[in-house]
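Trainee: got a predicted model here, sequence first, then my questions.
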Amino acid sequence: VKESQISFFDGRENDTNNECVKVEDFILKNGGIDAAIVGIGMNGHVGMNEPGTSKNVRSHVTDIHKETQVSGQKYFTEKQELLQGITLGLANILEARNIFLLASGQHKAEIIKQVLEGEISERFPSSLLREHPALFIYLDKKAAGLLQNDTIKN
């Protein structure tokens, strides 16, 4: 992938709403998102789209749930106050031509089961991905450990 085809939010910028506008413009000018590669949070969030986020929301600044604040510490060498994040919205992700959902580890098994076998709901934003025609899910054996056999495809 050429560097000119990649865009990131700059969370260090003071005007985070302008960062959302810049990313939205980038997506529009480049004909959309070809591949959205996302993980899943312990509460079912995807891309910091926390439980209760509308599937119609686009790039935005979001308040981060307590659980996400705690797990997000792993990305920093020193403790950080993580109250908000800047992210693509569910609408952006769902408009991508392909979505790749990745998860690993036993600690993700319960939320994976809920998201893949439970109801599709904004309560578990990553469950909304199941409605996408080109969703590819990659799990290790531990993350897939609680799934019913008919849910698992090789």
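Mentor: Everything's here; your move. Numbers count the residues shown, from 1 in each chain.
Trainee: ends of stretch 125-144, how far apart?
Mentor: End-to-end distance of stretch 125-144 (C-alpha to C-alpha, to the nearest Å): 19 Å.
Trainee: so which bits of that stretch are buried?
Mentor: 125, 126, 127, 128, 129, 132, 137, 139, 143, 144 (16 or more other C-beta atoms under 10 Å). (Each C-beta comes from the backbone N, C-alpha and C, glycine too.)
Trainee: before we move on, what about stretch 112-122?
Mentor: 112, 113, 114, 115, 116, 122.
Trainee: now tell me what touches it from outside.
Mentor: Contacts to stretch 112-122, defined as C-beta atoms under 8 Å, 6 or more residues apart in numbering, come from residues 40, 44, 51-55, 103, 124, 126-128, 130-131, 137, 139, 143-144, 146-148, 151.
Trainee: quick one: which of those residues sit in helices?
Mentor: Mapping these onto helices (DSSP state H) picks out no residues; all lie outside.
Trainee: name the nearest residue to residue 54, ignoring sequence neighbours.
Mentor: Leaving aside its sequence neighbours, residue 54 sits nearest to residue 122 (C-beta to C-beta, 6 or more residues apart in numbering; 6.5 Å).
Trainee: ramachandran angles for that neighbour?
Mentor: Dihedral pair for residue 122: phi -70, psi -10, per degrees, to the nearest 10.
Trainee: any weak-confidence spans in the protein?
Mentor: Applying pLDDT under 70 to the chain flags the ranges 152-154.
Trainee: what segments of it are helices?
Mentor: Counting by DSSP H, the helices of the chain are 16-29, 66-71, 90-95, 109-117.
Trainee: could I get those as TSV with distance to residue 78?
Mentor: Shown next, in TSV, are these (distance: least, C-beta to C-beta, whole Å):
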stretch	distance to residue 78
helix 16-29	22
helix 66-71	15
helix 90-95	30
helix 109-117	28
